[in-house]
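> predicted model follows, preceded by the sequence.
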Amino acid sequence: MARNKFPGEFEQMVLLAILQLDQSAFAPEIAGLLESRAARRVSRGALYATLERLENKGWIEWQMERPADERGGYRKRRFLVTPPGLEELKSARQAMESLASGLDGVLGRSG
Amino acid sequence: MSRPTPPRLASALLRRRVGSGPVGQSIQGDLWQECRVRREASGRFSAAGWYWIEVLGLLRPRAYHPGRPSRRLAGWGQDAVYAIRSLRASPGHAVLATLLLALGVGATTAIFAVTNSLFLRPPPLVEAPADLVSVYTSGFGGRPYSVSSYAEYEAVRDRVDVFESATTFMLGQDLRIGEAGAVQPIFGAAVAADYFRVLGVDLALGRGFTTDEAASTARDDVIILGHRTWSENFGADPEILRREVRVNGRLRRVVGVAPAGLLAPGFPVSVEGYIPTAGDWLEHRGTRSLSILGRLAAGATLDRAQTQLNTLARALHEEDPRYFSDRNDEARRLTAVSEFGSRLSPDVRGAAMAFMTMLLVGVGLVLAIACSNIAHLALVRAGTRGGDFAVRRALGAGHFRLVRLLLLENVAIGAVGGLLGIAAVAILIAAVPRLDVLPQGVQISLSVDWRVAGFAILTSLCTAVLFGLIPARRVASLDLTPLLRSSGQGALGGSSRLRGVLVVVQVAASITLLAVSALFLRSLQGTVGFDPGFNADGVAVARLELGQIPLATDEGLAALDTLTTRLAARPDVEGVTYATRVPVAGGWEREFVEIEGYDPTSEHRPEVSTHRVGDEYFDLMGIRVLRGRGFDSNDRAGSLPVAVVNEVFVEQYWSDRDPLGATLTLGGTTYRVVGVVQATKGRQLNEEPLTQMWMPVRQSYRASTYIHVRYRGDDTPAEFLAAVRGAVRETMPTLPFLDPVWMTSMTANATLPQRLASRVLGAAGLAALLLAAIGLHAVVAYGVSQRTAEIGVRVALGADQSAILRATTQSALRLTGVGTAIGLPFAVAAGQMANDLLVGTSPLDPLALGGAVVVLAVAAMAACVGPARRAAAIDPVTALRRH
């Protein structure tokens, strides 16, 4: 169980994307952002599976928006990162940074 | 503007997957929206492709499990894994069921492969086969699909314009290729100039025959080789077109090589040598022995072709009423038949279909037996799995889940069984050339194509699923409590009545097959010991084409005399004579005969099978002369023309008068009958006796004749054939002639259908016997396992071994008895159907039927022995403790 608590790389990327998108964090937009920024193809199967997993862990939640014609009349879920989710992201990032500290010579400094 | 919606099927799949809850709806909406965006950016197809890929990705069992699960597809995968595991847990059942199925499916598929190559597969390489039309001239007796003459071919070619082109050919030319001593028979065809063009086939090398080559009455000297002969006999020599090869003793220039895989029109054999329809065919334009094939011109239909042929037939009748009329003096008919999808001429097709149907029914029975065994195995297995199912049911598995599990198990068995069946057929087909069932030089083209493979897999899956699911019916009405309370044994095993019915069906099918194969074996035995009216043993024959030297009549006769003297001088030669035909070896000659005292206008014009023979022919062939005499050296050119007829002839035409001294007229010569001989077989061994007549070759010369040399001895040494060849060479060094063969090898083809049928049905009968024995064994063994406790009690109460043996085998033997009683009438009926193929054997042959019953009874006994002995050896203490 403890193993599941630690956010995986893709989970972190999804969480970050939701934060970036803020008010327009819908699944297609999340996928679009991941595809453009992370330069990797995102299978929708993997994305929805990850979103569901994050929701089960209590790191994200969603709100239903009203249906739109351009979507065949289907409703729309907007995702939000919950406070525990934000905490996880922070601690994961701290762990990363502390592990990476002093390795600038090897890793180089990005952005 | 097309629909702006995503692909419908993919949407439906997605809906099934994610459900219609809020989450499911939002996912569907997301993909809809994205699909729309992509459509505008990069087009409809790209968007649809993307949508499909994403939906399929979502369908993967591990990809996504939404809150309200729709687990149907995941469940399939899980059950498939479980099914394979459970099959592996009882490998005995899995292996046995699979092998049974493979056996049944293999046998059925083998026959289907033959049917496929004869009737279903379109002719390979031929361009637009739908446009090919065969033209048949009706026969003398009114048969609609008979052969045509060269004159009729010319009329069709030149006077019918629905055909863009037309050609003619005759299959089955006896060609022997190679130098003397290393001569090899090949299947040959005589073809007209346009043959390859009409078929739309490009030659591998060289060209087809030119009009000059194919239509000159001069001696033709060209040949087109089949691809296999070119590769195997000439090492695929690319310079073959510069070479000459010796065919039937004569050199012919090779002008072309046919492409690999080309088969003869209407029959799945590969033609290995094509010679032009020159020489004889043109000299005898009226002789009917050819097939006509036309290619419809663009836009022409079969109906129009038939209309034009009707007009042509009327014209031909008006031009020469005597030639173009049948037995009843009515005009012959020309019939157009589309060759698409057919590999046999229509009248042969009927007989071949009947034969194949019989074989299919035979192997179908094997499959039925295999199926009933599978059903039985499934019942037994279900019996031991009652507990398993009860637990699953109790844990909430629905009826559907349990049936699905059984289904998946049987699909696995069916798939493997089908693949094994296909493998078996492929091996069998590879072995066909070595089975020695076809005449030398003939190769039937068989192969496992998609139709055959599909047939096997489909048959296999259907049977496995249908019969494997028989226990599934019981799963529905499962009563959990007793099953859970007991060890789970028995409750699903099905009533013993159902199992009994299966065994009875098996036994009945087995006895039918066994009896029919026994009939064929008897028939084969019959043909060996069957008296055709002549004795072919120890006679060497060789065909002499004296017309090709060429020799005039008197020169030819002188050469035959010299050859006779030379051979007769050898101590190992008992006699020498000649005949224009070898009986039952294929080919016969029939002629109109004017019969003294017989009114030809009544009923029908007499047509008689005719032979020109040498001196002492009847003595040498062992044909009994019933009255008068045979021919001798006094019956020569100048003396009174004489003839001999057979008893069938006398019975038919001269039953009221003395045949000796009566006259027969044919070809302008009147012959006086000097002898009557016994009836002999002429064309086939199972024919009705023919009316036949013989004339001395000295008085009615034919340039083509077979020399007959009877060997003094019981063996058939190859040296003797070489000696005959040497004598012919010495006498007529320039004569093209066929290597001498023993007459028995020529007459062997007459028994080909019997040999084929008896082999196939014999194998099917053996398979059936094996399967029936397995089935009986399984029934007895199951009975014993179910009755262990009861038997234990009996033993404990002092029952002796023989009583136990009796108790366990009794029911199996009773089932065998019932099955036999039901199967025997079917066996007799099947024998009646096959009557045409049986020689000298009645469908009621007591030895065949009795033999089948005995063999089956023995097999039943043998199947019971093992389980019965196990029952007798049951230790009462162990048995009672366990239950």
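Great, that's in hand. Numbering: from 1, shown residues only, chains lettered A, B, ... in the order given.

> going by C-alpha atoms from here, please, whenever you check contacts or count neighbours.
Noted.

> show me what stretch A:12-24 is in contact with.
The contact list for stretch A:12-24, computed with Cα atoms under 8 Å, 6 or more residues apart in numbering or on different chains, reads A:25, A:29-30, A:33-34, A:51, A:60, A:78-81, A:85, A:89.

> filter the residues you listed down to just the ones in strands.
Under the assignment DSSP state E, the contacts of stretch A:12-24 contribute A:60, A:78, A:79, A:80, A:81 to strands.

> using TSV, please lay out those residues together with pLDDT, distance to residue B:512 and neighbour count.
Formatted as TSV, these follow (pLDDT from 0 to 100; distance: Cα to Cα, whole Å; neighbours: other Cα atoms under 10 Å in any protein chain shown):
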residue	pLDDT	distance to residue B:512	neighbour count
A:60	92	74	21
A:78	90	74	17
A:79	93	74	24
A:80	91	77	22
A:81	92	78	24
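
> ok, and which of those residues reach chain B?
For chain B, no contacts are drawn from the ones in strands among the contacts of stretch A:12-24 by Cα under 8 Å from any Cα of the partner chain.

> going by distance to chain B, which of these wins?
Nearest to chain B among those: residue A:78, at 9.7 Å, using Cα to the nearest Cα.

> what's the pLDDT at residue 35?
Since no chain was named, I'll use chain A. Looking at residue A:35, its pLDDT is 87.

> wait, chain B
Per-residue confidence (pLDDT) for residue B:35: 87.

> name the nearest residue to it, sequence neighbours excluded.
Of all residues not flanking residue B:35 in the chain, residue B:47 sits nearest, at 5.5 Å (Cα to Cα, 6 or more residues apart in numbering or on different chains).

> tell me which element residue B:830 is part of?
helix B:801-833 (DSSP states H and E).

> mind listing what's buried in that helix?
Within helix B:801-833, the residues that qualify as buried are B:804-805, B:807-809, B:812-813, B:815-824, B:826-832, counting by 16 or more other Cα atoms under 10 Å in any protein chain shown.

> list the helices and strands it packs on?
On a contact count with 3 or more Cα pairs under 8 Å, 6 or more residues apart in numbering or on different chains; DSSP states H and E, helix B:801-833 meets helix B:496-529, helix B:752-786, helix B:846-872.

> you'd agree residue A:54 is up against residue A:6?
No: contact criterion Cα atoms under 8 Å: residue A:54 and residue A:6 do not qualify, at 10.8 Å.

> what sits against residue B:849?
The contact partners of residue B:849, by Cα under 8 Å, 6+ apart, come to B:515, B:518, B:519, B:824.

> please redo it, this time with the cut-off set to 7 Å
Taking Cα atoms under 7 Å, 6 or more residues apart in numbering or on different chains as the contact definition, residue B:849 lies against residue B:515.

> ok, residue B:144 - how many residues close by?
By other Cα atoms under 10 Å in any protein chain shown, 17 other residues sit near residue B:144.

> in the stretch 551-700 of chain B, which spans are strands?
Assigned by DSSP state E, counting those that start in this stretch, the strands in the stretch 551-700 of chain B fall at B:573-579, B:590-592, B:594-595, B:607-613, B:625-628, B:642-646, B:663-666, B:669-677, B:692-696.

> can I get those in a markdown table with mean neighbour count, mean pLDDT and distance to residue B:869?
A markdown table is the format used below for these (neighbours: other Cα atoms under 10 Å in any protein chain shown; pLDDT from 0 to 100; distance: least, Cα to Cα, whole Å):
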| stretch | mean neighbour count | mean pLDDT | distance to residue B:869 |
| --- | --- | --- | --- |
| strand B:573-579 | 22 | 92 | 64 |
| strand B:590-592 | 14 | 74 | 68 |
| strand B:594-595 | 19 | 86 | 77 |
| strand B:607-613 | 21 | 86 | 66 |
| strand B:625-628 | 16 | 92 | 66 |
| strand B:642-646 | 25 | 94 | 65 |
| strand B:663-666 | 16 | 89 | 78 |
| strand B:669-677 | 20 | 93 | 65 |
| strand B:692-696 | 25 | 93 | 66 |
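
> now tabulate these in CSV and tack on distance to residue B:9.
CSV is the format used below for these (distance: least, Cα to Cα, whole Å):
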stretch, distance to residue B:9
strand B:573-579, 76
strand B:590-592, 69
strand B:594-595, 80
strand B:607-613, 71
strand B:625-628, 84
strand B:642-646, 78
strand B:663-666, 79
strand B:669-677, 81
strand B:692-696, 74
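
> so for residue B:716, which of those strands sits nearest?
strand B:573-579 (12.3 Å; Cα to Cα).

> and stretch B:288-295, C-alpha only, in PDB?
Extracted C-alpha coordinates of stretch B:288-295, given in PDB (Å, rounded to 0.1, in the frame of the first residue of the first chain):
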ATOM      1  CA  ARG B 288     -15.300 -38.100 -82.300                       C
ATOM      2  CA  SER B 289     -12.700 -38.000 -79.500                       C
ATOM      3  CA  LEU B 290     -12.100 -34.300 -78.900                       C
ATOM      4  CA  SER B 291     -13.300 -31.700 -76.400                       C
ATOM      5  CA  ILE B 292     -14.100 -28.200 -77.600                       C
ATOM      6  CA  LEU B 293     -13.400 -25.200 -75.500                       C
ATOM      7  CA  GLY B 294     -14.400 -21.600 -76.500                       C
ATOM      8  CA  ARG B 295     -13.800 -18.200 -74.900                       C
END
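
> interface residues of chain A facing chain B?
Residues of chain A lying close to chain B by Cα under 7 Å from any Cα of the partner chain are A:27-28, A:43-46, A:48-49, A:70-72, A:74-77.

> give me that answer again for 10 Å
A:26-29, A:32, A:42-53, A:56, A:62, A:64-65, A:67-78 (Cα under 10 Å from any Cα of the partner chain).

> so where's chain A uncertain?
For chain A, the stretches flagged by pLDDT under 70 are A:1-5, A:109-111.

> 50 instead?
A:1-4, A:111 (pLDDT under 50).

> tell me the SS of whichever residue of it sits closest to chain B?
Residue of chain A nearest chain B, by Cα to the nearest Cα: residue A:45 (4.3 Å). Here residue A:45 is helix, with the state taken from DSSP: H, G, I helix; E, B strand; the rest coil.

> my read: it touches residue B:54, true?
Yes: using Cα atoms under 10 Å, residue A:45 makes contact with residue B:54 at a distance of 6.8 Å.

> the residue of chain A closest to chain B: how many residues sit nearby?
Residues near residue A:45, counting by other Cα under 10 Å, number 20.

> roughly how far is the top helix by length along chain A from the heart of the chain?
Counting residues, the longest helix found in chain A (DSSP state H) is helix A:83-100. Distance of helix A:83-100 from the chain centroid (Cα atoms, centre = their mean, to the nearest Å) equals 13 Å.

> residues in contact with that helix: which ones?
Applying Cα atoms under 10 Å, 6 or more residues apart in numbering or on different chains, the external contacts of helix A:83-100 come out as A:5-9, A:11-13, A:15-16, A:19, A:54-55, A:57-61, A:81-82, A:101, A:103, A:106-107.

> 8 Å instead?
With Cα under 8 Å, 6+ apart as the test, helix A:83-100 has contacts from A:6, A:7, A:12, A:15, A:58, A:59, A:60.

> in ChimeraX, how would I select the buried members of the residues you listed?
Buried members of the contacts of helix A:83-100 can be picked out in ChimeraX with the line below, counting by 16+ other Cα under 10 Å:
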select /A:7,12,15,59,60
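
> so which of the contacts of helix A:83-100 belong to strands?
In strands, defined here by DSSP E, the members of the contacts of helix A:83-100 are residue A:60.

> does residue B:265 touch residue B:123 like I think?
Yes: the criterion here is Cα under 8 Å, and residue B:265 meets it with residue B:123 at 7.5 Å.

> nice, that's everything, thank you.
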